[in-house]
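J.: Fold the following, please.
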Amino acid sequence: MVLTVISVKFGSSLWLEKNLELSAALNPNLEVRWLVVNNDNDPNFQPAKVEVLPAIPKPHTKDKGSLHHAQAIMSALALVKTRFVLILDHDFYVIRQHWMLEMLQHIQARELHFLGSVWHPRWSYQYRYFPSVHCLMIDLEKVQLEKLNFLPDIGGNRFDNFISHPRVPLPNWLRTALQVGQFRDTGWRIYQQSRDQPFECFIPHFMGSPNQLIPDRLSVIPKKKGYFTEQSFLKTISSFGYENAWEEFYWLDQPFALHLRRVGRKPSVDEFLELSRVLEQVVG
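T.: All right, here's what the predicted structure looks like:
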């Protein structure tokens with residue numbers, strides 16, 4: 001069995017190179033075709049056993065960051081020939097032995113269309129209760145490749161554009177409540193098209209209790225039972241990572257992954273060194 005993995009590179013190469021190294025070590029017996037779109041045109045990024053694809057020209061639009069990322073994913077998808085494809089963020093680090101094979105076996109055994117991580121609950125304006133593109137495995141025997149559209153539609157939601165405008169006189173609490181689930185980011189179209197299909201999500205660590213009087217569609221904290229857990233494996237091994245809001249995910253009742261969410265943050269040598277230490281500790 002061959003698995004195709006798609007990642008998009010932007011910013012420092014350290015984060016993705018660490019992920020490539022870690023994933024190879026944890027999945028030594030699986031044939032993987034890893035496609036990386038070099039979206040920042042880094043001439044020095046030439047890792048072994050990886051197909052580096054050219055950057056997508058950066059758009060000059062309001063949603064240029066999300067659109068650039070989505071277009072890169074779409075360009076790599078056009079090259080996929082395998083039944084299963086995994087889209088993986090450059091800074092989403094899975095820490096379980098043989099996790100790729102485990103995901104492949106699970107998605108087949110449960111006859112799932114999608115298996116992956118959700119948007120962390122802190123990003124309340126994103127869609128919830130469905131896997132995100134941070135770590136997303138898709139069975140292309142059940143989902144038609146040509147119908148997968150990861151392009152965002154950030155400018156297309158007039159309601160969200162209106163309530164988000166700083167000149168609209170809304171109190172912050174009401175604005176935040178009205179924005180829940182409204183942002184049409186990368187993968188939003190997949191969510192809209194496929195949320196009624198069989199899927200499964202990893203469980204994020206999150207602390208919070210929703211107000212039971214508020215409907216879920218307006219609740220900043222998700223109300224679906226079991227959607228998040230207050231368990232934390234990171235808290236006991238890295239106060240630095242915990243305090244810097246590294247996202248933690250569980251799967252099948254065990255620690256599964258860390259997501260640093262480096263978007264919007266500058267690379268930090270200290271953070272990378274701490275990541276390396278943590279991964280060495282939890283993986284060995």
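J.: What are the neighbouring residues in contact with the closest residue to residue 51 other than its chain neighbours?
T.: Nearest non-adjacent residue to residue 51, counting by Cβ to Cβ, 6 or more residues apart in numbering: residue 35, 5.1 Å away. For every residue, glycine as well, the C-beta is placed using N, CA and C. With contacts defined as Cβ atoms under 8 Å, 6 or more residues apart in numbering, residue 35 is in contact with 4-7, 50-51, 53, 76, 79-80.
J.: May I see the buried residues of the helix or strand of the chain with the lowest mean pLDDT?
T.: Least confident helix or strand, the chain: helix 158-164 with a mean of 87, by mean pLDDT, DSSP states H and E. By 16 or more other Cβ atoms under 10 Å, the buried positions in helix 158-164 come out as 160, 163-164.
J.: Now do the contacts for the nearest residue to residue 112 once chain neighbours are set aside.
T.: Leaving aside its sequence neighbours, residue 112 sits nearest to residue 198 (Cβ to Cβ, 6+ apart; 4.9 Å). Applying Cβ under 8 Å, 6+ apart to residue 198 gives the contacts 110-114.
J.: Check residue 150 too.
T.: Applying Cβ under 8 Å, 6+ apart, we find residue 150 in contact with 70, 73-74, 77, 133, 186-187, 189-190.
J.: and it, that one's in a helix?
T.: No - read with DSSP: H, G, I helix; E, B strand; the rest coil, residue 150 is coil and lies in no helix.
J.: And it, how far from residue 143?
T.: Per Cβ to Cβ, to the nearest Å, residue 150 is found 12 Å from residue 143.
J.: who touches both of these two?
T.: Taking Cβ under 8 Å, 6+ apart as the criterion, residue 150 and residue 143 do not both touch any residue.
J.: before we move on, back to that, tell me which residues form a beta bridge with the residue nearest to residue 51?
T.: Bridge pairing for residue 35 (DSSP bridges) gives the partners residue 6, residue 51.
J.: C-alpha coordinates for stretch 123-135, PDB please?
T.: Extracted as PDB, the C-alpha positions of stretch 123-135 are listed here (Å, rounded to 0.1, in the frame of the first residue of the first chain):
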ATOM      1  CA  TRP A 123     -10.600  29.300  16.700                       C
ATOM      2  CA  SER A 124     -14.400  29.700  17.300                       C
ATOM      3  CA  TYR A 125     -15.000  31.500  14.000                       C
ATOM      4  CA  GLN A 126     -13.900  28.400  12.000                       C
ATOM      5  CA  TYR A 127     -16.100  25.400  11.100                       C
ATOM      6  CA  ARG A 128     -16.400  22.800  13.800                       C
ATOM      7  CA  TYR A 129     -17.300  19.100  14.200                       C
ATOM      8  CA  PHE A 130     -15.500  18.100  11.000                       C
ATOM      9  CA  PRO A 131     -11.800  17.500  10.100                       C
ATOM     10  CA  SER A 132      -9.700  20.400   9.000                       C
ATOM     11  CA  VAL A 133      -6.800  20.500   6.500                       C
ATOM     12  CA  HIS A 134      -4.200  20.500   9.300                       C
ATOM     13  CA  CYS A 135      -4.100  16.700   9.200                       C
END
